[in-house]
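**Q** dropping the sequence and predicted coords here.
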Amino acid sequence: MPLRIEDYALIGDLHSAALVGRNGSIDWLCFPRFDSSACFAALLGGPEHGRWLLAPAGRVRRTRRRYRGETMVLETEFETDSGAVRVVDAMLPRTSEADLVRVVEGVSGEVPMRMQLIIRFDYGSVVPWVRRADGEDLVAVGGPDTLHLSTSVPTHGENLTTVAEFTLSEGQQIPFLLRWHPSYVTPPRAPDVFRSLHETEDWWREWSAKSPCKGRWREAVIRSALTLKALTYAPTGGIVAAPTSSLPEWLGGSRNWDYRYCWLRDATYTLYALMLAGYAEEAGCWRDWLLRAVAGTPSQVQAMYGLSGERRLTEFELEWLPGYGGSAPVRIGNAAYGQFQLDIYGEIMDAFHFARKAGLEPDEHAWRFQRALLDHLESKWQEPDEGIWEVRGPRRHFTHSKVMAWVAMDRAVKATERHGLDGPVARWRKLRDAIRADVLERGYDGGLNSFVQFYGSKELDASLLMLPLVGFLPANDPRMLGTVEAIQHGLMKDGFVARYAPVTGVDGIQEGEGCFLLCSFWLADNLTLQGRHEEAAEYFERLLAVRNDVGLLAEMYDPSGKRMLGNFPQAFSHVALINTAYNLMLKTGPAEQRSESEAEPLAPGRPSP
């Protein structure tokens, strides 16, 4: 059985990422980009598919780990019968080549150590040629990729792997450096490991120090902000939803999707989170990525894009990988890019609306594109779609989707009324009112005293918690109070919110899944807007307790098995955490800002009281 998902920690260099297990093994490593071929895929198969283990050779009595302060430099300390050692892991922020550093330090006594490096390119399918280079570096070449291993420890080959055995004494430090570069270029010059590690730690500390966040939940906010930064692809400003693919939404199930892409529906929430945490530059880069990605004909706008704005994200299966815990198939690419998802039009309009409120430098082409988008939406909003959950069943008239169409028109009206932009505001007001009336008539069930998942259904959906968060209805409207109560009774499992009841088969896959952590944060936001601050704070603390020992969250949580599920770490879970924290810490938090039409403009990076 593989390590639990929560047993991993993230390291990254703003171009790529790796997952480090509590056992000292790196089981997932993407070079040179998040969405490129992975070097190690043990997470989705086993050691034979690539991994890098660096740990004590004998029995480990206790393991402790932490990030070094407010950085992405990871420490894992192993205590054995003969002493203790510490493994320090980091990826060095870069511009071209990729460097992964591991330093093993003797803490006490003498500890026998073992290193095992299994290099497999292309998701564990390619066994590279391995040779010795000048200076005793190990060089592995497979197609377009080359990895160099540099260390002072003698290594030898063993069954198509590279191993080393050595003993570490108190005070001793041994560095390991794994460098990637294209196989057709000259190898880069190796950096000084200790100096580079120190510089990397300083870089992350300086970045964290930019945040003015203070108060009760600073630690959680900053750790989430660091995670978002580590999930950023620096050349474009894109932020991946997660650095992994095919981690299951239910163990042994088939809900295994590739999340190494950028979703438009993350846009507004991400902008709020970054601005609130004090990172206006990153927010601006994300906004600019958004504008470049959607550039073109409005009818061709997609729900998701690649890191550089790529549009064709063809989905296929890797039959040689059994999947995490036997959860098959393993999928690369995501067919949802070709779906019609009506809600993204509202997210795009809302993102640019917030960018104007927050004072981000305007783009002269943005409003022209938004005008074209609105013209397209006028002819499309009455059509069924696949919705926020990207169902692979039949299209429906999802209530949340229609509400987000209302958001698009509402933000268009505000753009003319508050920011002086030109447009047929009377027509937009009329359409906004028509969409609202349609939702109130067809999306609400008086007998249930709740909004429903889609028109004509009797089912609940956690996306309905978004209605007050985007300003469609006040949180204390009786219809919303009834909806929240219905969701608490109908979709909660041991205190966590499921997105909907999978037994309905609305998504074409009738199997179980964990509770979406994002939806649970939405419930906390609703409680805050209803004025139930103490209850909201207690619930928020319960959600924080689900984080793993280094403060990371996956996409989902299984309250019965008490373990994380889905891709990890999940950007949207951490974005929601930041926004919920500020909803509780600020008098006018992001939920108030997004929902209240007359709220004061958000002060970027405003510290909490």
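**A** Okay, I see it.
**Q** and residue 263, how far is that from residue 295?
**A** 17 Å (CB to CB, to the nearest Å). No exception for glycine: its C-beta is placed from N, CA and C like everyone else's.
**Q** of these two, who's got more company?
**A** It is residue 263, of residue 263 and residue 295, that has more neighbours when counted by other CB atoms under 10 Å, with 24 against 13.
**Q** now do the contacts for the more buried one.
**A** Residues in contact with residue 263 (CB atoms under 8 Å, 6 or more residues apart in numbering) are 241, 303-304, 572.
**Q** mind listing what's buried in whichever helix or strand residue 375 is part of?
**A** Assignment of secondary structure by DSSP states H and E places residue 375 within helix 366-378. For helix 366-378, a neighbour-count test (16 or more other CB atoms under 10 Å) marks 366-367, 369-371, 373-374, 377 as buried.
**Q** export those residues to JSON lines and tack on distance to residue 39?
**A** Output for those, formatted as JSON lines (distance: CB to CB, whole Å):
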{"residue": "366", "distance to residue 39": "38"}
{"residue": "367", "distance to residue 39": "43"}
{"residue": "369", "distance to residue 39": "38"}
{"residue": "370", "distance to residue 39": "41"}
{"residue": "371", "distance to residue 39": "45"}
{"residue": "373", "distance to residue 39": "40"}
{"residue": "374", "distance to residue 39": "45"}
{"residue": "377", "distance to residue 39": "43"}
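**Q** redo those residues as CSV? Include pLDDT and distance to residue 494.
**A** Shown next, in CSV, are those (pLDDT from 0 to 100; distance: CB to CB, whole Å):
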residue, pLDDT, distance to residue 494
366, 86, 44
367, 91, 47
369, 90, 45
370, 93, 43
371, 94, 47
373, 94, 41
374, 96, 43
377, 96, 40
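**Q** so for stretch 393-409, what's the average pLDDT?
**A** Averaging pLDDT along stretch 393-409 gives 96.
**Q** for that stretch, C-alpha coordinates in CSV please.
**A** Taking Å, rounded to 0.1, in the frame of the first residue of the first chain, the C-alpha atoms of stretch 393-409 are listed here in CSV:
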residue,chain,number,x,y,z
GLY,A,393,-23.2,12.8,-18.1
PRO,A,394,-25.9,14.7,-19.9
ARG,A,395,-25.9,18.5,-20.0
ARG,A,396,-28.4,20.1,-17.5
HIS,A,397,-29.7,23.6,-16.7
PHE,A,398,-27.5,23.8,-13.6
THR,A,399,-28.7,26.5,-11.1
HIS,A,400,-25.1,27.6,-10.3
SER,A,401,-24.3,28.0,-14.0
LYS,A,402,-27.3,30.3,-14.5
VAL,A,403,-26.4,32.3,-11.4
MET,A,404,-22.9,32.8,-12.8
ALA,A,405,-24.4,34.0,-16.1
TRP,A,406,-26.3,36.6,-13.9
VAL,A,407,-22.9,37.5,-12.4
ALA,A,408,-21.5,38.2,-15.8
MET,A,409,-24.3,40.7,-16.6
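**Q** so how far is that stretch off the chain centroid?
**A** 24 Å (CA atoms, centre = their mean, to the nearest Å).
**Q** then stretch 129-143?
**A** Centre to centre, stretch against its chain (CA atoms, centre = their mean), the figure for stretch 129-143 is 34 Å.
**Q** can you pull out the strands in the stretch 451-600 of the chain?
**A** In the stretch 451-600 of the chain, the strands defined using DSSP state E, counting those that start in this stretch lie at 492-493, 496-497, 515-516, 556-558, 563-565.
**Q** mind giving me the packing neighbours of the last one?
**A** Identification of packing neighbours for strand 563-565 by 3 or more CB pairs under 8 Å, 6 or more residues apart in numbering; DSSP states H and E yields strand 556-558.
**Q** all set now, cheers.
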